[in-house]
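In: Structure of the sequence below:
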Amino acid sequence: MSKINENEIPRTNREFLGYIDKTTSHIYMISEFIDNSIQSAIDNNFEYVEVKIIVNMLEKAIYIIDNAAGIAYKNRSIAIRNGKDESEQGNSLNMFGVGMKMAAIWFGKRLRIFTKSIEDDFPYMINLDIDKLKGKNFNFYDTKDINIKKESGIQFNYDHGTIIKIDKFHIDTVHSERYEKRMFNKGTKNEGKALEEQLACRYSRYIKKNFLSINMSYINEDGDEEMPNKVPVEITKSKIPDMYIKNSKERQDYEFKVSDKEKININKSKFYIKSMKEIKNAFADSWNNVIEGLEDITYGMIIEKFENQEELKFKTFFRLPYNYYENERIPFTFGFIGNNSSLLKYNGLTVYQDDRAIISGPNSEKSNLTWLSYPKALSDSSYKVTKRFIGEIDLNNKKIFRVDNNKMGFHGTVKEDIEKTLSDIFKNYLSPLFDKILDIIFYKNDQLLEDKLFQQEIDRFANEINKNKILENHSVITEELKINDTDGERFRNGFIVVNEKEESAFKIVCHPEGQFGNKHKLFKTRALPCEDNSILFVIVLNKEFYGFKNNLKDEHFSILFNPLIKLLMCELIKYKTNQEKNKRFKELIEGIEGE
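Out: Numbers count the residues shown, from 1 in each chain. Next up is the predicted model:
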């Protein structure tokens, strides 16, 4: 039988116990284990490292397995000690020596490490059990010459590497949800919750250069795999989102579909020709000017890249205009998200250090993980620039840009200083140009021209209602109203019904749209709350509805819209509350559509 050795750690029990209640999330905790595996491989000049994560609810245990260099027996105290001395920290991904222990205890009270180092000729095990820690100075235990497979209870097919096993979960506490399937399995496409997506973004650079692979498994209490298709998830290059606007065999953001057989190139449309003339006239005098605040990018380069339908992605550098950053030259890559609306959750700025993303998406509805993802950061007026911005920066000078010991952010005002610098650059020099370019890409057919004719018809109809006093004690004004479309926010021509005090009673937007996917459905409707406490009713008419002629212009649909709008207005002014109006709105639409 192998001898169990006792090792003393000069740390208090209370430090470890504090990690149980730490406010954090799964992406940060799982990343701590992966960071250790990567750093071990880098330190020993490995070309590749594999990390497997297994959440086993049948055993109530989590396993993290790698084929890195293992933990040398002589370093076992450093590995288990809570934190490194400054002389030990260095510049590595695991520089603080806190993360792995913190992450392990966040998941469970017992941590066991089974490892075989390339420096040792024997495998050994470390055992740290929080429930058994006593006194100011306490002990952990190691056992040499073990059988890793037998002791860990899991397959280990490597000549070197590590298995971390965490058990004694916090099941009967307020933290029981940490182990639920939804925390590890894939969420909805717009939710941004899926751990696999977050890991793919965080380690994208290592994965892309074939240095790292991650395998993730979730076993339920019946012993069945719960990942999609009942197999573990492989986080490979295919999981890394390809977001930048481009024109390639795989994706053609510069073209638009007219029919199932036909595509029209962007530069053949009247709208494109007209818009490009305006752009060139606006920037002719500054064509060769370098964008102030950036290096080596001119207005001409941006416009020519767009005209040539190249990937809309720009690599440059910027400097922070504050003395304490020592005029640091910061690598900056930026561009804009393509046509797929499900990619919008990745918008914002990803921040790297040592090729590992400290801050990255996907964003969820509840939080923005990336930087520069809210309106004030890029433009006061352009929703397209803000919504579709995607960027990367590298903050590799650790003397200036110091991450916190949880690797969730940076010390000091780094975030605010970067946001202000890039915000000023975009607002002052770039937003007007990119707003026009994105307008062409996303509304590149003659839609805007149709919108103008549609607006003329809306104005005519509103004047008719007011002139004939059709709405008792109410009148109608027209305005461009902001709504959320599948490709982001957009302004649509609409009506505002106001009372005698000129207060908004409710608003209506009606517009035709193709690609419903159902020729037998006439309408799509929504009711949205407004900042002025009124309600906005959105009615989208199916241009491809069974029986409609092909290629009808938007203004042609007014013959259908006008009677419907008049009916809705006359009915909805009878109700006082938004709830009552919304209920009546649904009844009217359902009555019109029938079964």
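
In: Following the record's annotation, map out the domains of the protein.
Out: Per automatic domain parsing, the domain ranges recorded for the chain read 4-239, 255-442, 447-593.

In: if I pick residue 552, what's in contact with it?
Out: Shown in contact with residue 552 (CB atoms under 8 Å, 6 or more residues apart in numbering): 512, 543. Every residue, glycine included, has its C-beta placed from N, CA and C.

In: Likewise for residue 245?
Out: Per CB under 8 Å, 6+ apart, neighbours of residue 245: 253, 254, 311, 312, 335, 336, 337, 338, 339, 441.

In: what do you get for residue 156?
Out: By CB under 8 Å, 6+ apart, the residues touching residue 156 are 65, 114, 148, 149, 163.

In: quick one on the thing from earlier: quick check, nearest of the contacts of residue 245 to residue 368?
Out: Nearest to residue 368 among the contacts of residue 245, counting by CB to CB, is residue 337 at 14.5 Å.

In: which non-adjacent residue is nearest the closest one?
Out: Of all residues not flanking residue 337 in the chain, residue 388 sits nearest, at 4.4 Å (CB to CB, 6 or more residues apart in numbering).

In: Report the separation between the one you found and residue 334.
Out: For residue 388, the distance to residue 334 (CB to CB, to the nearest Å) stands at 11 Å.

In: cool, residue 212 as well?
Out: Counting by CB to CB, the gap from residue 212 to residue 334 is 25 Å.

In: As a check, name the ranges of all strands in the stretch 351-500 of the chain.
Out: Under the criterion DSSP state E, counting those that start in this stretch, strands of the stretch 351-500 of the chain are mapped to 356-359, 389-394, 474-485, 488-499.

In: looking at the ones you listed, which has the lowest confidence?
Out: Among the strands of the stretch 351-500 of the chain, strand 488-499 has the lowest mean pLDDT, at a mean of 77.

In: Can you lay out the strands of the stretch 351-500 of the chain as a markdown table showing distance to residue 460 and mean neighbour count?
Out: Below are those laid out as a markdown table (distance: least, CB to CB, whole Å; neighbours: other CB atoms under 10 Å):
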| stretch | distance to residue 460 | mean neighbour count |
| --- | --- | --- |
| strand 356-359 | 51 | 22 |
| strand 389-394 | 38 | 22 |
| strand 474-485 | 10 | 16 |
| strand 488-499 | 12 | 18 |
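
In: I'd like to know which of the domains of the chain lies nearest to residue 247.
Out: Proximity to residue 247 (CB to CB) singles out domain 255-442 among the domains of the chain, at 4.2 Å.

In: roughly how far is that closest one from the heart of the chain?
Out: Relative to the chain's own centre, domain 255-442 is displaced by 15 Å; criterion: CA atoms, centre = their mean, to the nearest Å.

In: Next: stretch 173-188.
Out: How far stretch 173-188 lies from its chain's middle: 19 Å, per CA atoms, centre = their mean.

In: what comes into contact with that stretch?
Out: 20-21, 26, 55, 57, 106-107, 169-171, 193-197, 216, 218, 220, 226-228, 233.

In: mind running it again at 6 Å?
Out: The contact list for stretch 173-188, computed with CB atoms under 6 Å, 6 or more residues apart in numbering, reads 26, 55, 193, 194, 195, 218, 226.

In: circling back: for the contacts of residue 156, which single residue is the most surrounded?
Out: Among the contacts of residue 156, the one with the most neighbours (other CB atoms under 10 Å) is residue 114, at 29 neighbours.

In: I'd guessed that residue sits against residue 125; true?
Out: Yes: using CB atoms under 6 Å, residue 114 makes contact with residue 125 at a distance of 5.1 Å.

In: The closest residue to residue 123 other than its chain neighbours: how many residues sit nearby?
Out: Nearest residue to residue 123, sequence neighbours excluded (CB to CB, 6+ apart): residue 116, at 4.0 Å. If you count neighbours by other CB under 10 Å, residue 116 ends up with 22.

In: begin at 898 from here
Out: Yes, from this point I'll number from 898; that puts the last item at residue 1013.

In: what are the phi and psi angles of residue 1013?
Out: phi -130, psi 110 (degrees, to the nearest 10).

In: Check it and give its pLDDT.
Out: For residue 1013, the model assigns a pLDDT of 97.

In: Tell me how far it lies from residue 1324.
Out: With CB to CB as the criterion, residue 1013 and residue 1324 are 56 Å apart.

In: Tell me the gap between stretch 1354-1361 and the middle of its chain.
Out: With CA atoms, centre = their mean, you get 42 Å for stretch 1354-1361.

In: Over to stretch 916-931?
Out: 19 Å.

In: Going by neighbour count, which residues in it are buried?
Out: 916, 917, 923, 924, 925, 926, 927, 928, 929, 930, 931 (16 or more other CB atoms under 10 Å).

In: Next up, identify which helix or strand the fifth one is on.
Out: Following DSSP states H and E, the helix or strand that holds residue 925 is helix 923-940.

In: And the next helix or strand past that helix?
Out: strand 946-953.

In: Sheet partners, orientation included, of that next one?
Out: With DSSP bridges as the test, strand 946-953 is paired with strand 958-963 (antiparallel), strand 1109-1116 (parallel).

In: The buried residues of stretch 916-931: which two are farthest apart?
Out: Longest distance between any two of the buried residues of stretch 916-931 is 21.5 Å, between 917 and 931; criterion CB to CB.

In: how about the strands paired with strand 946-953 in CSV, adding distance to residue 977 and mean pLDDT?
Out: Output for the strands paired with strand 946-953, formatted as CSV (distance: least, CB to CB, whole Å; pLDDT from 0 to 100):
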stretch, distance to residue 977, mean pLDDT
strand 958-963, 15, 98
strand 1109-1116, 24, 96
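
In: out of those strands, deepest packed?
Out: Comparing the strands paired with strand 946-953 by mean neighbour count (mean count of other CB atoms under 10 Å), strand 958-963 ranks first with a mean of 24.

In: How is the residue nearest to residue 1439 when sequence neighbours are not counted classified with respect to secondary structure?
Out: Spatially, and ignoring its direct neighbours in sequence, residue 1439 is nearest to residue 1413 (4.4 Å; CB to CB, 6+ apart). The three-state label given to residue 1413 by DSSP: H, G, I helix; E, B strand; the rest coil is coil.

In: what about residue 1413, distance to residue 917?
Out: For residue 1413 relative to residue 917 (CB to CB), the value is 51 Å.

In: thinking again about what came up before, could you point out which of the contacts of stretch 1070-1085 is nearest to residue 1456?
Out: residue 1090 (45.1 Å).

In: Mind pulling up the pLDDT for the closest one?
Out: Confidence at residue 1090, expressed as pLDDT, is 57.

In: do the same with residue 986
Out: Looking at residue 986, its pLDDT reads 42.

In: Residue 1113 contacts residue 950, correct?
Out: Yes: the criterion here is CB under 6 Å, and residue 1113 meets it with residue 950 at 4.7 Å.
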